[in-house]
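**Student:** whatever this is, show me its structure:
(chains A and B)
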Amino acid sequence: MFVTHFHLRAYTGSKSSIRIPLTEQDIITGCQEGVPRCQRELVDRYAPMLLTVARRYARDQATAQDILQDALLRIFQAIPRYQPFGSFEAWMRRIVATSALQYLNKKWMRKEFNNLDNNDEPLEMPDIYGRLGAEDLLELIARLPEGYRQVFNLSVMEQYTHAEIAGMLGISESSSRSQLVRARRQLQTMIANREKIRI
Amino acid sequence: MKTQDFDRHVRKTLNGYDSELDTESLWLELGPKLNGVKRSAAWKSRGWLGFGLLAMTLLLGGLFFKGVDWKEQPAVETRPHHEKDLPGEGQKTMKPLGASPESRTDRKLPVREGEPLTEAASNTRIEPRRGLLFNTPPPLKAGENEINEFVPGKAAGPEVNPGAKDDRGGKERTKAQALSGETGLPVPVSSDFTRENTLASDDTKKDPATGTIGYLPEQLPGDSTSSNRLPTDQPGPQETNAAHTKNGLPDLSSTYDQTPGSGHAQKPLSGPNAADKWTRIIGIPTVLDLTSAKQNREMNRLPGGFLPNTSFLKKLRWLAQVEYGAGRPRKFLGQHPADAYLEARKATESPLEFFRSGFLAGVQEWSGFYLMGGLAYSRIREEFTEKEIITASDSMYANIIEIHISPRGDTTFTYGSATDSLPLVLSRGSYNDYKLYDLPVKLGYEFNFNHWSVALEGEVAINLRLRARGKILDKQGQIQLLDRQGLFKPRTGFSYSGSARLGYSFNRHLQFVAGFDYRSYPIDFMLSAFNEVRQRYNLPGWSAAVQWRF
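**Tutor:** This is a model prediction of the structure:
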């Protein structure tokens, strides 16, 4: 009586051939109530998108899947406290990003940060990105050094400020800025090389 | 391409992109790990509530049974609730109904043979377990004036031991014998001993051979078998005060009834009065007991009667109570003038149930009034039903789908499947929860009848917080979330309730009460800025509580 937040009978189709899709609110409430079918629905619906987020931070697919599993567990643990302010997807993406950062080796990352120099010169490139697909882009991002990749993701994709990134990664704001510039430059270079275009 | 354009392009490419993923295998790996998080926060809160109730019950039980000598504990303790705290209350040692005859024979009673019995000593009894002498008040004469004039300890003799303890470790009190004689409440047998002295002086039943008083073997009325097991090798003078049969054993038929009106010529409890025996055993009040309890209460109210020179604080006893209640809420949705939106709200929201739990502590005054305050949590649950009309397609097979009539008049039927579309109403239900955190203040009055009590109480609760969760229709017919800001008040103000409860005391400390409550939240739950519909609740239901009296 207390567990089912909605009529699972209709969802499961035990008496009807009509499969009624769950709304996002149904999934959230069901997961808060601990309904396994809602948890499964969350995985089915959002895990591919969240895997994309994890792949941006991970060097390879296996690491990304590990990050995703860890993040999903955190999501299910935290969802009873979820407050519906803002996007649910954004809330989950932040958890994946946080999980990814904690998963990766920060010591190694700091070592890499210390060897950076500041070069804010933007790289002008012809418009070759239209031909670049999401899988290609993810593959190239994965080739970035660990520190570059994290700062790039946090700044460009998650749109954190440098102050926030510095706080999250334990580095200075100037290091974050320089890291971002270098990451962007290296990514553009890789894209250009991929397209056989010399800058 | 500028830097900002590059970033925007990367975001646009990657945001919303779904990587290929075998969710089936991911779920297989993830599912077992979710066992620990499957229980929802709501279930966890219920679990904690249940655990708290259980822990409180165990704690109270443990406090009560701590240090209990099971051999000496009475099977039933019949006494008024306020007895313990009333100064001057009688020498009521517990009657060990369940004690074995062997345990009785082990008692070594101090015998003061050869000593003359003074007047003070005639009002002194021997505490059977420790061999201590206690003063007993002079026998009660008929009439209230004498009752009011009685002051415990006034007739203390040379062998009084006022600091002695009773069987339960508390201070032995010298309650007026009149109380035990007039309350009509069954009194433990050891007080029979006291009364025996009274009878001895009044009715000259004191043993003329020794003139001493002694221990009356504890006995249930009619328990002839155990009476025969009483030792015959210790017929000391302590036992001579009880009425004896020809063979020297105590005459158990002279166990005394303390029915009011019987006066000092006590009639035996054992015998045809089965109701009294029944009351002694299980504590169910009879009509006679109810009457006597009423009289007892009236007597207790006499100013200066049994509470001489007692401060107000000493007339109080502390209470702690854990309570739980449930019921079916009655929801009020009103609007003036009513419109379609009100009807839509009524059609989509239906109250289901409510739960309430709380912890209260307070004081009870000796006359029966009590005041408690604490913290309470209420949860009102209702069902929200959203309806949607969808189109369902159905195929009908082996039907005539075409009829062809040739120029010659031949008719050809073509069979096949036909598709039909039907409007289908999809009704989806979900739960709405309203959680309220209250500070209740409860005032009640309790009538005591031996183990049983009836209480009437009123309560006013200040609402600390209101949390709403679920769905609601807005005026545009769209579904909104209840926890949207600006929809519900953060607190409702207050609520009030009345209840009638029946209680059963297991002992002087622990009481279980249950009854009916009617609670009302007179203030609107919703902010009027959202809509004009007023949403209020009345909560009729039952409640049960475990109460500990210190």
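
**Student:** next helix or strand past the helix or strand bottoming out on mean pLDDT in chain A?
**Tutor:** Lowest on mean pLDDT, DSSP states H and E among the helices and strands of chain A sits helix A:8-12, with a mean of 38. Using DSSP states H and E, the helix or strand that directly follows helix A:8-12 along the chain is helix A:24-33.

**Student:** which parts of that next one are buried?
**Tutor:** A:25-33 (16 or more other CB atoms under 10 Å in any protein chain shown). Backbone N, C-alpha and C define where each C-beta goes, glycine included.

**Student:** and if you look at stretch A:52-65?
**Tutor:** For stretch A:52-65, by 16+ other CB under 10 Å, it's A:52-59, A:61, A:63-65.

**Student:** what does stretch A:140-147 give?
**Tutor:** In stretch A:140-147, counting by 16+ other CB under 10 Å, buried: A:140-142, A:144, A:146-147.

**Student:** same question for the single longest strand found in chain B: list its buried residues.
**Tutor:** The longest strand of chain B (DSSP state E) is strand B:411-449. Residues of strand B:411-449 classed as buried: B:428, B:430-432, B:434-438, B:440-442, B:444, B:446, B:448-449 (neighbour count, 16+ other CB under 10 Å).

**Student:** hmm, that strand touching chain A?
**Tutor:** Yes: contact between strand B:411-449 and chain A, assessed by CB under 8 Å from any CB of the partner chain, occurs at B:424, B:426-431.

**Student:** same check, this time on stretch B:388-396
**Tutor:** Yes: residues of stretch B:388-396 are located near chain A by CB under 8 Å from any CB, namely B:390, B:392.

**Student:** just the residues contacting that stretch, thanks.
**Tutor:** A:18, B:417-428 (CB atoms under 8 Å, 6 or more residues apart in numbering or on different chains).

**Student:** now tabulate those in TSV and tack on distance to B:Val363.
**Tutor:** Below are the contacts of stretch B:388-396 laid out as TSV (distance: CB to CB, whole Å):
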residue	distance to B:Val363
A:Ile18	62
B:Ser417	81
B:Ala418	80
B:Thr419	77
B:Asp420	74
B:Ser421	72
B:Leu422	68
B:Pro423	65
B:Leu424	63
B:Val425	58
B:Leu426	57
B:Ser427	53
B:Arg428	51
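
**Student:** export the residues you listed to TSV and append columns for distance to B:Ala461 and pLDDT.
**Tutor:** Formatted as TSV, the entries for those read as follows, by distance: CB to CB, whole Å; pLDDT from 0 to 100:
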residue	distance to B:Ala461	pLDDT
A:Ile18	46	48
B:Ser417	65	77
B:Ala418	64	74
B:Thr419	60	74
B:Asp420	58	74
B:Ser421	55	75
B:Leu422	51	76
B:Pro423	48	77
B:Leu424	46	78
B:Val425	41	78
B:Leu426	40	78
B:Ser427	36	81
B:Arg428	35	82
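
**Student:** now do the same contact list for A:Ile79.
**Tutor:** A:28, A:31-32.

**Student:** out of those residues, which one has the lowest pLDDT?
**Tutor:** pLDDT across the contacts of A:Ile79 is lowest for A:Gln32, at 83.

**Student:** which is the next helix or strand following the helix or strand hosting A:Ala47?
**Tutor:** Here A:Ala47, judged by DSSP H and E, is contained in helix A:36-57. Sequence order places helix A:61-78 as the next helix or strand after helix A:36-57, per DSSP H and E.

**Student:** in that following helix, which residues are buried?
**Tutor:** A:61, A:63-76.

**Student:** go on, stretch A:164-180?
**Tutor:** A:165-166, A:168-169, A:171, A:175-180.

**Student:** what residue ranges in chain B score low on pLDDT?
**Tutor:** Scanning chain B for pLDDT under 70 picks out B:1, B:35-46, B:62-314, B:336-338, B:396-398, B:528-531.

**Student:** what pLDDT does the residue nearest the centre of chain A get?
**Tutor:** Nearest to the mean C-alpha position of chain A, by CA atoms, centre = their mean, lies A:Val53 at 2.3 Å. pLDDT, A:Val53: 88.

**Student:** surely it and A:Arg94 touch.
**Tutor:** No: under the contact definition of CB atoms under 8 Å, A:Val53 does not touch A:Arg94, with a separation of 9.3 Å.

**Student:** near chain B, list only the ones from the buried residues of helix A:61-78.
**Tutor:** A:65, A:68-69, A:72-73, A:76.

**Student:** TSV for the residues you listed, including pLDDT?
**Tutor:** Output for those, formatted as TSV (pLDDT from 0 to 100):
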residue	pLDDT
A:Gln65	86
A:Leu68	90
A:Gln69	88
A:Leu72	91
A:Leu73	89
A:Phe76	89
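
**Student:** any chance of those in CSV with distance to B:Arg11 as columns?
**Tutor:** Formatted as CSV, those follow (distance: CB to CB, whole Å):
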residue, distance to B:Arg11
A:Gln65, 23
A:Leu68, 20
A:Gln69, 25
A:Leu72, 23
A:Leu73, 27
A:Phe76, 27
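
**Student:** looking at those residues, which one is closest to chain B?
**Tutor:** Set against chain B, the nearest of those by CB to the nearest CB is A:Phe76 (4.9 Å).

**Student:** which ones among the buried residues of stretch A:140-147 lie within helices?
**Tutor:** Members of the buried residues of stretch A:140-147 lying in helices (criterion: DSSP state H): A:140-142, A:146-147.

**Student:** ok, of the residues you listed, which one's closest to chain B?
**Tutor:** Minimum distance to chain B across these is 8.3 Å, recorded for A:Ile141 (CB to the nearest CB).

**Student:** run a quick check on that closest one versus A:Arg149, I expect a contact.
**Tutor:** Yes: the pair A:Ile141 and A:Arg149 qualifies as a contact (CB under 8 Å) at a distance of 6.1 Å.

**Student:** what do the two both touch?
**Tutor:** A:Arg56.

**Student:** what does stretch A:146-159 contact?
**Tutor:** By CB under 8 Å, 6+ apart, stretch A:146-159 touches A:53, A:56-57, A:59, A:93-94, A:97, A:100-101, A:104-105, A:108-109, A:112-113, A:116, A:141-142, A:144, A:160, A:162, A:164-165, A:168-169, A:176, A:179-180, A:182-184, A:186-187, B:7, B:10-11, B:14-15.

**Student:** buried residues, stretch A:34-47. List them.
**Tutor:** Buried-residue list, stretch A:34-47, by 16+ other CB under 10 Å: A:34-35, A:38-43, A:45-47.

**Student:** nope, stretch B:328-348 is what I was after
**Tutor:** B:329, B:331, B:335, B:341-342, B:345, B:348.

**Student:** quick one: end-to-end length of that stretch, please.
**Tutor:** 17 Å (CA to CA, to the nearest Å).
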